[in-house]
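Asker: Coordinates only, no sequence provided:
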């Protein structure tokens, strides 16, 4: 993380030297984008924190842990398919879930469906591609996510 901060600072200084006006304009636009995103970001983080606080670790392990079997994959696929969580929140959230006993294959299904399957965005997708293409894409993505989870589960048990 420190390296990332150092590289970003160096690039920012180089940009300020190259064109101070454009750099400040970019910083202002970025800050406004962050401020506009902040309410939904905080809401998602609050909901996740409440869910983690209310669900005991044992329950989470039972539903999404190593021993959950097919239902763990299914639960993760449903949660991932209906969630609208950006990747930069999903990955740290997955780390927290792993610490709370959720298995890696289930996390793989959750993140894959989160990024590839969009139940809530289906009407918008239908508008541009039609029902047939939208549903086919989502179904194939769901099957792919389950296949990825099963493959990781197999590799995880073999290695």
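Answerer: Nice, I can see it. This is a predicted model, so every value here is computed, not measured.
Asker: Please pull out the lowest mean pLDDT helix or strand from the protein.
Answerer: When each helix and strand of the chain is scored by mean pLDDT, DSSP states H and E, helix 57-64 comes last, with a mean of 77.
Asker: Give me the buried positions along the helix or strand following it.
Answerer: With elements assigned by DSSP states H and E, the helix or strand that comes after helix 57-64 is helix 69-82. Using 16 or more other CB atoms under 10 Å as the test for burial, helix 69-82 gives 72, 73, 75, 76, 77, 78, 79, 80, 81. All C-beta spots, glycine's among them, are computed from the backbone N, C-alpha and C.
Asker: Same question for stretch 121-139.
Answerer: 122, 125, 134, 137, 138.
Asker: Sort out which one of those lies nearest residue 20 for me.
Answerer: Closest approach between the buried residues of stretch 121-139 and residue 20, by CB to CB: residue 125, at 42.1 Å.
Asker: quick one: the closest one and residue 134 touch, right?
Answerer: Yes - with contact defined as CB atoms under 8 Å, residue 125 reaches residue 134; the gap is 4.1 Å.
Asker: Does anything pack onto the least confident helix or strand of the chain? Which helices or strands?
Answerer: Where contact means 3 or more CB pairs under 8 Å, 6 or more residues apart in numbering; DSSP states H and E, helix 57-64 is packed against helix 69-82.
Asker: just to revisit the earlier point, could you dump the buried residues of stretch 121-139 into TSV with pLDDT added?
Answerer: Formatted as TSV, the buried residues of stretch 121-139 follow (pLDDT from 0 to 100):
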residue	pLDDT
122	87
125	89
134	93
137	94
138	94
